[in-house]
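Asks: Build me a model from this:
(one chain, ligands or ions: 1)
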Amino acid sequence: MQKAHDFFHKYLSENISDADTVERMRNVIAEFSARAPKIVVMKCIDGRVHGSKAKGYPPTTIRFGRTDGNIVSLDRSNFWFWNRIDRAVKDAHFNTPETPAVFIAFMHHSPRGLGCATHKSNDTEALKSVEAQVAEVRKTYSETELYVMGGDTNTDIMAETLIFPGSYRIDTENVIQYCNLKKPRDVFHEFFLTNKLDDVATSRNVEHKTPDELLKGINPEVFTNFQTCLNMQNYLLREITTNIRKDRGDLKRLIRPDVLDYIFVTLDRVSMPATLVGPILYQIIWNITYALYQINLIDHLGPEELERHLDHAEELVCYGDGFETLPRNKAVLVKTGRGDDIDALAVAKEVLERNRRRYRQDHKPLVHINIEVNGQMMSWDDFNDNVGSRILTMRRNVDTVFGEEVAMLTSYSYRDEKRFYPVKLNQKDPRMAYPADIISEINSALKFSNISIKAQEAIYKASFIGASKV
Ligand SMILES: [Zn+2]
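Replies: This next block holds a predicted model:
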């Protein structure tokens, strides 16, 4: 089991480093969140459509639902599905009263690699499950409380298509072709590219580099340096939402005029609350830039790397919530809420087994269960209701699908932190491949307190200081 142990050690140390950045940049993310709509995104469990990087949304700002091929029970009795949307709707109602929440259900396809496994690469079928969700959700909410869209991701280059009411489509690839864009910098106006950012704090956080410097190269800093990425997301969302309210013409000093004009040909026809135009334009602009980065990147990959990039290469199954900081194609993601987790776990296991035949792993298949917690846990009951008992219920599903042939990590994280804190429900279970256990000393109503769990969390964090550098 040593090797699974090594895998999880490295995995956790990468998580600690990303979570530290999220914590340091908390104000930047909060500012972003105040200007963005509350958003729910439904996706496939495919690891290639993981995360929110291609949409330009920082971790913690999107609520994700994931099911195999977007197939989900739309029955009113599917509590998890509807409750996930209700959380965003309620959040929007009270915190962004003039801006409705947004719901997008994304299918995915791949011209060069494999499409959606659940739908056997049949894009028409994949679109049907997206349309079924969109229709049912649109029926359930009014447009002033929830704006509902469909979408499609090309997993080769992470280009997205947004499908609006009335079947209007804005397709990133289409914009790239029409405007003849070659590099990420091509999306922006020369004036913006060549000057330092006019906002003091953002400029400081990106080491006073110009956008041109941040966007250049095969691995542009904007996309590969997490701190830079968060700051540019915040900056661009603010500039776009502010200028669109003042004078749309001003945007042409930020974004290349022909790109804007081309997008507005369609966007102007779409019926949409005025408060959403800025955020959605931002999302499109970010995605065009991101897809250009991916197009250039895959041009530079050798055949083996290319295959690994385009097709499934996930290394583990992640079950639960809070995995947004993981890189693309790292994990097959299973979330509760489809109505039948066992089915989703079985599909995930199949994908992982296929990957393991191609890319050998010297350990048992890996499963990571994580529970996301809101707010603080003050008593042992809080811990038991939110974390302990849930891990137990979810682990039973993993037991059913994987049996003994699995190495496991079980953990919890706080919604606004994304740091995984490992816990062990059963110290003697040999499948538990990671030694750290936040709860071992305090797992009873007598010993548990908010202070004691905070102390254990601090000890765990401290154990990794310097570890990521080694
Ligand atoms: Zn899929």
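
Asks: and the stretch 101-250 of the chain, which of its residues are near the ion?
Replies: Neighbours of the ion within the stretch 101-250 of the chain, by Cβ under 5 Å from the ion: Cys116. To be clear about C-beta, it is placed using only N, CA and C from the backbone, and glycine gets the same treatment.

Asks: what are the ranges of the strands in the stretch 101-250 of the chain?
Replies: Counting by DSSP state E, counting those that start in this stretch, the stretch 101-250 of the chain has strands at residues 101-109, 146-154, 159-163, 169-171.

Asks: would you turn the ones you listed into TSV with mean neighbour count, distance to Gly388 and mean pLDDT?
Replies: Converted to TSV, the strands of the stretch 101-250 of the chain look like this (neighbours: other Cβ atoms under 10 Å; distance: least, Cβ to Cβ, whole Å; pLDDT from 0 to 100):
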stretch	mean neighbour count	distance to Gly388	mean pLDDT
strand 101-109	24	31	97
strand 146-154	23	34	97
strand 159-163	22	38	97
strand 169-171	19	45	98
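
Asks: Would you format the ones you listed as JSON lines with distance to Glu239 included?
Replies: As requested, those are exported to JSON lines (distance: least, Cβ to Cβ, whole Å):
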{"stretch": "strand 101-109", "distance to Glu239": "20"}
{"stretch": "strand 146-154", "distance to Glu239": "22"}
{"stretch": "strand 159-163", "distance to Glu239": "20"}
{"stretch": "strand 169-171", "distance to Glu239": "20"}
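
Asks: Which among the ones you listed is found nearest to Gly69?
Replies: strand 101-109 (8.1 Å; Cβ to Cβ).

Asks: dump the residue contacts of Ile170.
Replies: Thr161, Leu162, Phe164, Ile263, Thr266, Leu267, Ile284 (Cβ atoms under 8 Å, 6 or more residues apart in numbering).

Asks: Give me the neighbour count for the fourth one.
Replies: So the one you mean is Ile263. 22 (other Cβ atoms under 10 Å).

Asks: heads up, I number from 25, so please use that
Replies: New numbering, starting at 25: the last item is Ile287.

Asks: quick one, helices of the stretch 175-324 of the chain?
Replies: 196-202, 214-218, 224-229, 235-239, 245-248, 250-270, 281-291, 298-323 (DSSP state H, counting those that start in this stretch).

Asks: Just send the ones you listed back as TSV, with mean pLDDT too.
Replies: Below are the helices of the stretch 175-324 of the chain laid out as TSV (pLDDT from 0 to 100):
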stretch	mean pLDDT
helix 196-202	98
helix 214-218	96
helix 224-229	96
helix 235-239	98
helix 245-248	96
helix 250-270	96
helix 281-291	97
helix 298-323	97
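
Asks: Which part of the stretch 125-274 of the chain gets nearest to the ion, residue-wise?
Replies: Cys140 (3.2 Å; Cβ to the ion).

Asks: Please apply the same query to the stretch 225-374 of the chain.
Replies: Val371 (9.1 Å).

Asks: If you tally nearby residues, what's the number for that residue?
Replies: 22.

Asks: for it, what are its contacts?
Replies: Ile69, Asp92, Ala141, Thr142 are the contacts of Val371 under Cβ under 8 Å, 6+ apart.

Asks: Figure out the helix or strand that it lives in.
Replies: helix 365-382 (DSSP states H and E).

Asks: Mean confidence (pLDDT) on that helix, please.
Replies: Helix 365-382 comes out with an average pLDDT of 92.

Asks: Can you list the neighbours in contact with the helix or strand just after it?
Replies: Heading C-terminal from helix 365-382, the first helix or strand you meet, by DSSP H and E, is strand 390-397. Contact with strand 390-397 is made by 28, 31-32, 35, 339-347, 355, 410-411, 414-415, 418-419, 422, 426, 430-439, 444, 457, as judged by Cβ under 8 Å, 6+ apart.

Asks: The same query, at a cut-off of 7 Å, please.
Replies: 28, 31, 339-347, 410-411, 414-415, 418-419, 422, 426, 430-439, 444 (Cβ atoms under 7 Å, 6 or more residues apart in numbering).

Asks: List the ones among those residues that fall in helices.
Replies: Those of the contacts of strand 390-397 mapping onto helices are Ala28, Phe31, Arg414, Ile415, Met418, Arg419, Val422, Phe426, per DSSP state H.

Asks: ok, the last one touching Lys373?
Replies: Read that as Phe426. Yes - if you go by Cβ atoms under 7 Å, Phe426 and Lys373 touch, sitting 6.5 Å apart.

Asks: Compare the strands of the stretch 125-274 of the chain and give me the one nearest Ile366.
Replies: Here strand 125-133 is closest among the strands of the stretch 125-274 of the chain (Cβ to Cβ), at 22.7 Å.

Asks: ok and the closest one relative to strand 170-178, angle-wise?
Replies: Calculated by axes from the mean of the first three to the mean of the last three Cα atoms, to 10 degrees, strand 125-133 forms an angle of 20 degrees with strand 170-178.

Asks: How far off centre is strand 125-133?
Replies: 12 Å (Cα atoms, centre = their mean, to the nearest Å).

Asks: where in the stretch 325-474 of the chain is pLDDT low?
Replies: 361-363 (pLDDT under 70).

Asks: what's the burial count for Asp282?
Replies: 14.

Asks: That one against Cys203, yeah?
Replies: Yes - if you go by Cβ under 7 Å, Asp282 and Cys203 touch, sitting 5.3 Å apart.

Asks: Ser476: what's it in contact with?
Replies: Contacts of Ser476 (Cβ under 7 Å, 6+ apart): Ile466.

Asks: Which pLDDT value belongs to it?
Replies: So Ser476 comes in at 96 (pLDDT).
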